Every structure is written in structure tokens, then in C-alpha cells.
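In: quick check, what structure comes out for this input:
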Amino acid sequence: MNIPQLVAHRGYAACFPENTLLALSKAIDCGACFIEFDVQLCADGTPVLFHDTSLERTTGIQKNLLDASFASIKEIEADEAEKFGNRFVGQGIAIPRLADIVHLLKSAPQVTAFVELKDESLQRHGVEKVLDIVLQIIQPVFQQCCIIAYDTSVIRAVQERDVHQTGWILKTWAEVAHQEARALAPDFLICNHQKIPSDATVLWEGPWFWCFYEVVEPELALALHARGAALIETMDIGGMLADPRLRPGGYFDNATL
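Out: Modelled structure (predicted):
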């Protein structure tokens, strides 16, 4: 049976602190061929894997990442105690630099990474500066990476640099977004599945693969795949891959990309 490929959203974030090397490596250990992580830039321009601008939710520290140097946060534990309690406290789980993930990807050449450039850092540092820094760092694993963003100017700038792959994350499901997608022609269109109108029986056709998030139920993943989704993004990569209906071996693998 044809099945969707699963993307580990911020790694195996259902069971391990999100966007950490632990969460990402555990996702790969589970069998994920696709991972996704967020990139923010510190005040000194160091790109790190982090979703928010505030450190509070995942570290318990009231500090703005965009105003901090990497040196000032590198010892902070990203144990996500608000979610996991004391399970990971004291284990030295750090906020990883983007450079750290390069080493992980080198050790897992079968894995494709969706690298999301966050709007806050793009606005603070500018699109060109962020791309200069990020693309230089991921150059050793360039063929394994796909740059994704909400900001259409990022997609255009990446395409102008002839970067391997791009993915546009939709903010809304609307005709104006459909027309923008046709103009951008990214490799992937990425959307929260809850934004699909109930009467949208047909997904927009184009030169892209559809990827929907945040999905943690195998039945929903298969239903979205039946509607045309090639990829399903989930924080529970282990739980989803435990379902025999979603195990790898379907029609679509990263050799296709």
C-alpha cells in the first residue's frame, strides 16, 4: 500500500525536548527519513535550533534569544521541564547550534532535513544575512537540506541562489495563497492540516509535494495521504512509525527528492 513519508517535527518532540540533538537523533533512530527543525539567530549571528524567541517555555529562563549571544546561553539546559517535569533536568541537554546538526546529518546520509528559518530572526538580521550564514554552515550537507519558511521573500532569495530545495509554509488557505504558490513553485507546500476547509476535496495541483502538520493519528495521516499529501509532519514519530500501516517502504522516499 502506498503510504506517506513521515517528517519528525522538531525531532521526536512528543517524548524528548524539541529541537535538541537528543530529539533529532532519537527520531532518526526510530527510522525517520525526514526531520524538521527551527532556526533562530542569536544576537551575535550564531544560528541555533530553537522555535520561540523567548527561552522560557523550553528552558525556564526569562530571556530573549535574539538579544543574547550564544556564549551566554550555551550552558542553559533545554530540558523542557514545563512539559516533561524532571525527566531531563540535569542531563546537560543544550540548545544546539546549527553547526551541531551538520555532524548529525553527516552520520545519517539517508535523512533529509527541513530547515525552517523563523520570521523573527529574518526580521532582526535580514534575509540575505541569515541566508549567508545558514547556507555556509549547511554546505557540507547541502544535498540533504531543504530551506523552508513562511516568508515568500526567503523562498525567492533561496531560489535565486539555486539552492537544492525549498518549501513554503502556508499561513492561510486562500486563493491568494494559491496564486502565490503557483508563482513561487516551491518543491514543497507545507500547511497545518486544520487550515484545510472541509469542502476542499482537491488539493492545489502544482510542481510541489504536499506536507501537512501537526498529525499524531495514523488514521488522519492516511486520510490526508489519500487526498494527496506525500508527507505528514508529526511530533510523535515513534508512535506513528509503530503503526504497521505507516512503516517505510512506500512509493515515496528521499531518493525521489
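
In: okay, how far is it across stretch 158-177, tip to tip?
Out: Using Cα to Cα, to the nearest Å, the end-to-end distance of stretch 158-177 comes to 19 Å.

In: cool, stretch 45-62 as well?
Out: From its first residue to its last, stretch 45-62 covers 20 Å (Cα to Cα).

In: same question for it, mean pLDDT?
Out: Stretch 45-62 comes out with an average pLDDT of 98.

In: list the buried residues in it.
Out: Thr46, Pro47, Val48, Leu49, Phe50, His51, Asp52, Thr53, Leu55, Thr58, Thr59 (16 or more other Cβ atoms under 10 Å). (Each C-beta comes from the backbone N, C-alpha and C, glycine too.)

In: go ahead and confirm Lys63 touches Thr53.
Out: No. Using Cβ atoms under 8 Å, Lys63 makes no contact with Thr53, being 9.7 Å away.

In: mind listing what the residue nearest to Glu180 when sequence neighbours are not counted touches?
Out: Nearest residue to Glu180, sequence neighbours excluded (Cβ to Cβ, 6 or more residues apart in numbering): Thr152, at 6.2 Å. Residues in contact with Thr152 (Cβ atoms under 8 Å, 6 or more residues apart in numbering) are Trp168, Glu180, Leu184.

In: most neighbours of all the residues you listed, which one?
Out: Trp168 (24 neighbours; other Cβ atoms under 10 Å).

In: SS state for it?
Out: strand (DSSP: H, G, I helix; E, B strand; the rest coil).

In: from Ile73, how far off is Asp67?
Out: Separation of Asp67 from Ile73 (Cβ to Cβ, to the nearest Å) stands at 10 Å.

In: which one of these two has more residues nearby?
Out: When Asp67 and Ile73 are compared for neighbours, Ile73 comes out ahead with 21 against 11, by other Cβ under 10 Å.

In: for Glu116, give me phi and psi.
Out: Dihedral pair for Glu116: phi -90, psi 120, per degrees, to the nearest 10.

In: would Ile232 count as being in a helix?
Out: No. Counting by three-state DSSP, Ile232 is not part of a helix but strand.

In: pull the contacting residues for it.
Out: Contacts of Ile232 by Cβ under 8 Å, 6+ apart are Pro4, Gln5, Leu6, Val7, Cys211, Phe212, Tyr213, Val215, Ala221, Leu224, His225, Met240.

In: can you tell me which of the residues you listed is nearest Cys15?
Out: Using Cβ to Cβ, Met240 is the member of the contacts of Ile232 that sits closest to Cys15, with 12.0 Å.
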